[in-house]
Structures are given as C-alpha cells and as structure tokens.
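>>> Structure here, sequence nowhere to be found:
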C-alpha cells in the first residue's frame, strides 16, 4: 500500500526557485565578470579601466543581490545577509583564488617572491575576505533597504 498521498507531497515554493536562480545567477555574474569581462576590457581598453569596471560590477552585483533576494525571493534580513556573504566568499576565495592560481602559472614573472602553492593562495584570499566582510554587509544592507524604500514609495499616497 502506498502511504504517500498527494496531500502530503507539497510542491516547492516559488520563492525557493527564485532563491536558487538568484544564488546561481550571482555566482555566474561574478565568474563572468572575473574570467570574461575583465580580461576583455583589459585588452580592448586598458587595465585600469577594466579594474574599475570589475569593481563597479562587483559592488552593483552585491547590492542588487540583496535587493532581489528581499523583494523577489521573500527572504528576511538574516537570510539575505547570509546568502550575500556566502556568494561574496565564493567570489573572493574560490573564483579569485582560481584566477590567481592560474595567473601564477601563466605569468610567474609577475609573482616573484610570492608562494605559488594553492594552499597559500587560498589562505591569502580567505584572509582578504575577512577585511571584505564589512563591505559585503553594508552592500547587502543597501539592497535590503532599497527594497524597503521601494515598498514604502509605492505605498505612499500621491499628493
């Protein structure tokens, strides 16, 4: 006898799909920014401009992620901050660590005096993330507050 009925099986809430879409989209955005956009802009324009664009995309990406998780996925502040911190960690430690590891093998002359082992690279990226945490918190809170501002703006009566 089948003990499972259609009443006990509930479909995934729509907000979970939105959450995972935003989570994977955020990681994809930061990966594309680091591995595709930044090298293209370095060759097409110049490295200083590429670095500026890379930083602006990271900042706007974190703010938009906080906004979208709050508004579209219905997450509370703790969930949004935790998710944005996790994506920031993946971006800073894993993606940037992979980029640095690859660059140490492609251009060893640029890394003279720096330990090229993978452990040292990822530990240094993780240490850098510790200093990056307050910035990620502020950017995610900006996104959360933008959602609150948008909600209050649309509710206020027009004069």
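Received it, and whenever you're ready, just let me know what you need. On a predicted model such as this, the values are computed, not experimentally measured, just so you know.
>>> Any regions of this structure where pLDDT drops low?
1-13, 156-159 (pLDDT under 70).
>>> Repeat the analysis, applying 50 as the threshold.
Scanning the chain for pLDDT under 50 picks out the ranges 1, 6-11.
>>> can you tell me which residues contact the closest residue to residue 59 other than its chain neighbours?
Closest residue in space to residue 59, ignoring its immediate chain neighbours: residue 139 at 6.3 Å, by Cβ to Cβ, 6 or more residues apart in numbering. (C-beta placed from N, C-alpha, C; glycine too.) Taking Cβ atoms under 8 Å, 6 or more residues apart in numbering, we find residue 139 in contact with 59, 62-63, 66, 84.
>>> try 7 Å this time
The contact partners of residue 139, taken as Cβ atoms under 7 Å, 6 or more residues apart in numbering, are 59, 62-63, 66.
>>> separation between it and residue 132?
Distance of residue 139 to residue 132, computed by Cβ to Cβ, to the nearest Å: 10 Å.
>>> Any buried residues in the longest helix seen in the chain, and which?
Identified as the longest helix of the chain according to DSSP state H is helix 118-155. Going by neighbour count (16 or more other Cβ atoms under 10 Å), the buried part of helix 118-155 is 121-122, 124-125, 129, 132, 136-137, 139-141, 143-144, 146-147.
>>> try stretch 75-92
Buried residues in stretch 75-92 (16+ other Cβ under 10 Å): 75, 80-81, 83-85, 87-92.
>>> Stretch 46-64 now?
Buried residues in stretch 46-64, counting neighbours by 16+ other Cβ under 10 Å, are found at 50, 53-54, 57-58, 61-64.
>>> Residues contacting stretch 114-131, please?
Contacts with stretch 114-131, where a contact means Cβ under 7 Å, 6+ apart, come from 89, 92-93, 96-97, 100-101, 104.
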